[in-house]
Every structure is written in C-alpha cells, then in structure tokens.
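Peer 1: sequence first, predicted model second:
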Amino acid sequence: MNITYLLGAGASCKALPTVKGIPKALNDFANDFNPGDNLATIKADDFYNENRDNIANLFLNEFKDNDANLDKYFKKIKALHNDILWLKSESENHTSIDTFAKKLYLRNDFSNLKKLKIILSCFFLYLQTKDFDKRYDSYFASVLEDLFNLPGNLKILSWNYDSQLEIGFCKFSNQTIDAAKRTLNLHSRGDMIYDAYSTNQFCVYKINGTTNIRKGEFNVEDVLIDFDIDEKKLMSSLLDLFDELKNTNNDSVMSFAWENFNKEKGFFPNLIKSISETEIFIVIGYSFPFLIEKLTSIFYQGCLN
C-alpha cells in the first residue's frame, strides 16, 4: 500500500507556535536577544546577574574585557534585535506573517521580504534548539524496521519550513543532520535537482524550502548541523547567518507558495512523479493556501487514475 503524508501548519505544534502564537513567540525571541540599550549598560556590574537568562548578555559577557570585540558584537546583536522587533510588530498588525510577506511581494519590496526571511529563519532555528516535537520520534518508531532501509511505500510532503523531520530522525538513528537528510532522501524546494525521484523509495519533499542558505546557484548549506547546540554557539551561528544573508547576495532557501516556481526546474515534476502511485493520502495539519489545495487535487486525481 503506497502512502503519502502531507504535513501542514500544526504538524510541529509541540515545538513550534501555531499562527496565533507567533507574535508572542517573537516577543520572547526579541527579549532573549536584547543586548540592552548601550555598551555602558552591558559593562555595569549588576547587568549580567540581572539578565543571566538572556542569550545576548550571556554571549556579550565573554567580551567584557575586550572593548573592540564587545563593540563589534554589540552592534551586530543590536541590528538583529531591531529586525526581530520589526517583524514582531508587523506580525501583530497582520493576520499572519505569510500575509505580510505577500504584501511585500506584491509591492516589489524585495529588500524587506528578504529581511523577513532572514529573521524568520533565525526564529525557527532558535526555537528548534529549545524544543522538539516528540511525535516525530513516535512516527519513526511506528514505521521503521531498519534504520538504513526506509519503507519505499511511504512519501512525505511538508508544507513547513522547520527541520523537525530531520531532527526526529537524527535522534532516532543517532545520525548527523547531513546523514539523516541523505537517508530520508530529502529534497527541498530551492535545491537544484533533476530526475531525483523514485516511486518505490522513501522520500521527503519540503514544498516551501527550509531554513538554509543558498550560496550561488547550486550550493545550499545547512545553517545548523547540531540542534543541541549551547546558547553561546547558537548566538554565534545566528549572527553568522544574519550577516551572511543581510550583507551578501546569498539568500534564504525558505520560500512562499506564491513565489516564482521557475527556479526549481526539477522539484515539482519530480515530486509529482514520486507520489504518482499513491493509494492513501493522509493530511496532517491545517492552513493550506489555495495553491496547495490545487496541487493536492492534482495528486489525488493522479492517485485515482
């Protein structure tokens, strides 16, 4: 029996907020990455003790005796914090971040659309170092009989940007993120793939991409290779991501359904071919825009035929 799963919003709700919870989660994110008002505040003797749980302060405290590095990293974190506050404010003023993103897209405001993707990428990475939806662990326990020969009758389509599938398989198989992606036969929109499909092989297709960096036309890099990273390394990684995306022509690999599909020449044809023999189609989650409903209809008609 060939089974295809479609994962949407809510499929990772034990680790990531649903649409209603995003403004509050962004506020918590902003508080955790608030470096204070100025360098004098950071250097105050009592500031660290009063803000010990703040990731920004934990990171900056390492440079209290190095004025040059303290100034450099304070400015970087302050820029990141200001952009987080911007996205938090916009999320409160719109039905969803997707709605705000669509508005920017239609206005040809690609600078702010890129900023939105940068902060959203940092946000999802940050949240996934704090928690994991254990239902993915349960899923793999229920369907796997062999860690390296996954059932070829199963396919997963994910509408989400998160890495919960990869993290779940890492925890279950004790593999690295990179090895897990290879074993899962994972393809993400934004990857340049050709003829990467099989109707009798387990595979995962991430329809809206994921929180990675595209460097040049083909080279996609993982931002985090270990989601059990400590807070200081997390700050360093997010600052690197923030700089990489904001100050270069490199871009986030996450995307929205209404953006241009033409870049991914092989992604959707491969996806459709891969699930062409589906007999059971299972939808988990909610909030699928009209485009995914149309695609679902196409897949479903193909299954009936």
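Peer 2: Yep, that arrived.
Peer 1: how about the strands of the chain, start to end?
Peer 2: For the chain, strands defined by DSSP state E occupy the ranges 3-7, 154-158, 186-188, 203-206, 212-215, 219-222, 251-252, 280-284.
Peer 1: Provide the strand pairings for the shortest one, with the direction of each partner.
Peer 2: With DSSP bridges as the criterion, the sheet partners recorded for strand 251-252 are strand 212-215 (antiparallel).
Peer 1: pLDDT (mean, whole number) over the strand it pairs with?
Peer 2: In this model, strand 212-215 has a mean pLDDT of 56.
Peer 1: then stretch 12-24?
Peer 2: Here stretch 12-24 scores 89 as its mean pLDDT.
Peer 1: buried residues in that stretch?
Peer 2: Buried positions in stretch 12-24, judged by neighbour count with 16 or more other Cβ atoms under 10 Å: 12, 15-17, 19, 22-23. For glycine as for every other residue, the C-beta is placed from the backbone atoms N, C-alpha and C.
Peer 1: for stretch 62-82, same thing?
Peer 2: For stretch 62-82, a neighbour-count test (16+ other Cβ under 10 Å) marks 63, 70, 73-74, 76-78, 80-81 as buried.
Peer 1: output the residues you listed in TSV, with distance to F242 and pLDDT appended to each entry.
Peer 2: As requested, the buried residues of stretch 62-82 are exported to TSV (distance: Cβ to Cβ, whole Å; pLDDT from 0 to 100):
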residue	distance to F242	pLDDT
F63	18	86
L70	18	89
Y73	12	92
F74	14	92
K76	7	93
I77	9	93
K78	11	93
L80	5	94
H81	10	95
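Peer 1: let me know the closest of these to W258.
Peer 2: L80 (27.2 Å; Cβ to Cβ).
Peer 1: ok, now which ones touch the closest one?
Peer 2: Taking Cβ atoms under 8 Å, 6 or more residues apart in numbering, we find L80 in contact with 33, 119, 122, 238-239, 242.
Peer 1: could I get those residues as TSV with neighbour count and distance to V283?
Peer 2: TSV is the format used below for the contacts of L80 (neighbours: other Cβ atoms under 10 Å; distance: Cβ to Cβ, whole Å):
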residue	neighbour count	distance to V283
F33	24	35
I119	26	29
C122	26	29
L238	24	33
L239	18	38
F242	19	35
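Peer 1: in TSV: these, plus distance to L186 and pLDDT.
Peer 2: Shown next, in TSV, are those (distance: Cβ to Cβ, whole Å; pLDDT from 0 to 100):
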residue	distance to L186	pLDDT
F33	29	91
I119	24	91
C122	22	87
L238	23	87
L239	27	89
F242	25	85
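Peer 1: among those, which pair sits farthest apart?
Peer 2: I119 and L239 (12.8 Å).
Peer 1: residue boundaries of the helices in the stretch 1-150 of the chain?
Peer 2: 22-32, 39-43, 47-50, 55-60, 67-93, 97-106, 110-130, 135-143 (DSSP state H, counting those that start in this stretch).
Peer 1: who are the packing partners of the fourth one?
Peer 2: Using 3 or more Cβ pairs under 8 Å, 6 or more residues apart in numbering; DSSP states H and E, the elements in contact with helix 55-60 are helix 67-93, helix 231-246.
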